[in-house]
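Chemist: Return a 3D structure for these sequence lines:
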Amino acid sequence: MRHLIAVLALTCCSGLHPLQAQITPASYMARRAEAAKRMDDGVLVGFGGRAPIGTSAFQQLPAFEYLTGFNEPDAAFALVKRDGAVTSFLFTQEESPISELFNGFVADSASIAARTGLPTRPIAELRPLLDSLSSAGLTVYDLRDFASSDASQSDSLTRGSSLITSLRAAHLALVVKDGHELLDQLRAKKSPEELALMRRAIEITAEAQRTAMRVTTPGVNEGEIQGVIESVFRENGAGGPSFTTIVGSGPNSTTLHYEANSRTTMAGDVMVMDIGASYQGYSADVTRTIPVSGTYTPEQRTIFQLVRDAQAAAERQVHPGASVKTETDSMEAVRDAGLVRLGLIESTQATFDPPWAKYCANSPVACQQGFLFMPHGLGHGIGLEVHDPAQYYYDDHVFKIGDAFTIEPGIYISTRLLDMLPDTPKNREFIAKVRPVVEKYNNIGIRIEDDYFVVEHGVEWVSRAPREIVEIEALMHQGHTAEIAGGHWQLTHDSRNAAPGRKP
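Modeler: Below is the predicted model of the structure:
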């Protein structure tokens, strides 16, 4: 209870200035026009998100949101390009009076058209339109309605998939193309309006990180910290988390996608907080790893500084026209040299026999010993999805102005990693050499993740929550001192005056 009272007293004092930026109807119209330019004659069709069931909150699907700005459930969209002429339609579900009585009254077609710039039709008219266009020989560009691109390969039971299956059966000569291939490249470059909304999401997330640092002490449950973080999101105007909040302490810090958030923290733990606010649909993704006791142990400091140095090495390589490979190579050089120095790997090129050996043919790095302690990529694009398209994904694989992305190196050390390895001569030799060192650093998982924009003069570090050892310890000590002095939290703070840390 004492911790909960402290949390409530502290979070009531936080606050960021409101943001007025938004995506205008003219911007959505320009997006649709650009999508049409990238199409041959055909129809681009996609469904929005479904009405939630039970306690789930409605969240619009990213591709649908990008083209329409329509944020209500059970809608569909079609853009028709034929003989140089382009028309677009929004299809909406007709609500019954009893449904509106329980769920709220929906906007009529005239107000929807005024707000979106899209003529509105009942969704029952979508299939007849598609049948007519398919009979005329037009190509269908399918915007599949998976909840996240991460789940795209398992999409089979959505309304969009069922519709395309039915259309193929009815029109045997129908040509269907992936609409995401053209739309993702359009989404990859973020507009100034998008960057403003993302900046807001990132600022809110950094504020939540600072607040969590202040309230964390041994004995606090991970779920309590999750509650603090998400209350700061809501308090500052975010719609909620952009992905499931990760708060992992002690052994849980070494699990990349730990989501239970149920363990009670202990003195001497580190705690990974991988969090992101969603603001008007746009995502942030910021990770900090903190010492639950307020001070890192010598072992934790060693691993933390190695991760931070690896991140700084990557940051220094980013500017317009810079190669993603150079960025990654720079990070890996620092990380692997550090792992060799500590005795966690035999050499920067040393290999082992992993249980995922079948992947090594296409990705040899998956068989290198350094991969065992950081089995994820260096970063990803951010935007309407927390894993959003970025321009450097395509063609020449270089950073360009308008890219928004993360850099997130990590090192995760657990004896369980050694226990999972197949019993082979190479692995036995490797394990014998490194086990004493792994045991020394056991249950230390460190990830530092920041959000960046590529701008004309280089790269901007946006997620300015404390990330250096001295900054994190100082902020946590400030929170602990306030608790000891008064028995409750009486802190005020201005996020604009927080220590900015070392610049890239």
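Chemist: Please count neighbours and contacts with C-alpha atoms only from this point.
Modeler: OK.
Chemist: Now for the residue nearest to Lys440 when sequence neighbours are not counted, how many residues are close by?
Modeler: In space, and not counting its chain neighbours, Lys440 is closest to Glu299: 7.8 Å by C-alpha to C-alpha, 6 or more residues apart in numbering. By other C-alpha atoms under 10 Å, 12 other residues sit near Glu299.
Chemist: wait, Glu299 sits on Tyr441?
Modeler: Yes: using C-alpha atoms under 8 Å, Glu299 is in contact with Tyr441, at 6.3 Å.
Chemist: quick one on the thing from earlier: name the helices or strands packed onto the host helix or strand of the residue nearest to Lys440?
Modeler: Assigned by DSSP states H and E, Glu299 belongs to helix 298-315. Identification of packing neighbours for helix 298-315 by 3 or more C-alpha pairs under 8 Å, 6 or more residues apart in numbering; DSSP states H and E yields helix 324-342, strand 404-407, strand 410-413, strand 444-447, helix 469-486.
Chemist: Let me know the angle separating the longest one from helix 298-315.
Modeler: In this case it means helix 324-342. In terms of direction (axes from the mean of the first three to the mean of the last three C-alpha atoms, to 10 degrees), helix 324-342 departs from helix 298-315 by 160 degrees.
Chemist: tell me the average confidence for helix 324-342?
Modeler: Averaged across helix 324-342, the pLDDT comes to 98.
Chemist: Now do the same for the residue nearest to Lys440: its pLDDT.
Modeler: Reading off the model, Glu299 has pLDDT 98.
Chemist: Relative to Met213, how far out is it?
Modeler: Separation of Glu299 from Met213 (C-alpha to C-alpha, to the nearest Å): 20 Å.
Chemist: most centrally placed residue in this protein?
Modeler: Nearest to the mean C-alpha position of the chain, by C-alpha atoms, centre = their mean, lies Val386 at 2.5 Å.
Chemist: Double-check that one against Asp274; I have them as touching.
Modeler: No: judged on C-alpha under 8 Å, Val386 makes no contact with Asp274 at a distance of 11.8 Å.
Chemist: Quick check: neighbours shared by the two?
Modeler: Taking C-alpha atoms under 8 Å, 6 or more residues apart in numbering as the criterion, Val386 and Asp274 both touch Asp285.
Chemist: coming back round to it: the residue nearest to the centre of the chain in helix, strand or coil?
Modeler: Using DSSP: H, G, I helix; E, B strand; the rest coil, the secondary structure recorded for Val386 is coil.
Chemist: how close does it get to Pro241?
Modeler: For Val386 relative to Pro241 (C-alpha to C-alpha), the value is 10 Å.
Chemist: show me what contacts Leu384?
Modeler: Per C-alpha under 8 Å, 6+ apart, neighbours of Leu384: 62, 66, 281-283.
Chemist: Quick check: closest non-adjacent residue to it.
Modeler: Tyr282 (4.5 Å).
Chemist: so what's that neighbour up against?
Modeler: Contact analysis of Tyr282 by C-alpha under 8 Å, 6+ apart lists 194, 197-198, 201, 242, 383-385.
Chemist: which stretches of the stretch 51-200 of the chain aren't confidently modelled?
Modeler: 54-56, 95-96, 98-107, 147-157 (pLDDT under 70).
Chemist: where exactly do the strands run in it?
Modeler: 76-82, 85-92, 120-122, 139-143, 176-178 (DSSP state E, counting those that start in this stretch).
Chemist: quick one: the helices in the stretch 1-150 of the chain?
Modeler: 2-11, 25-37, 62-68, 97-103, 109-116, 126-135 (DSSP state H, counting those that start in this stretch).
Chemist: and those, which is most packed in?
Modeler: For the helices of the stretch 1-150 of the chain, average neighbour numbers computed from mean count of other C-alpha atoms under 10 Å are highest in helix 62-68, which has a mean of 22.
Chemist: hmm, back to that, quick check, nearest of the contacts of Tyr282 to Val232?
Modeler: Relative to Val232, the closest of the contacts of Tyr282 is Ala201; by C-alpha to C-alpha it sits at 11.5 Å.
Chemist: contacting residues for that closest one?
Modeler: With the criterion set at C-alpha under 8 Å, 6+ apart, Ala201 makes contact with 238, 276-279, 282-284.
Chemist: Could you pick out the buried ones from those residues?
Modeler: Neighbour-count burial (16 or more other C-alpha atoms under 10 Å) is assigned, among these, to 238, 276-279, 282-284.
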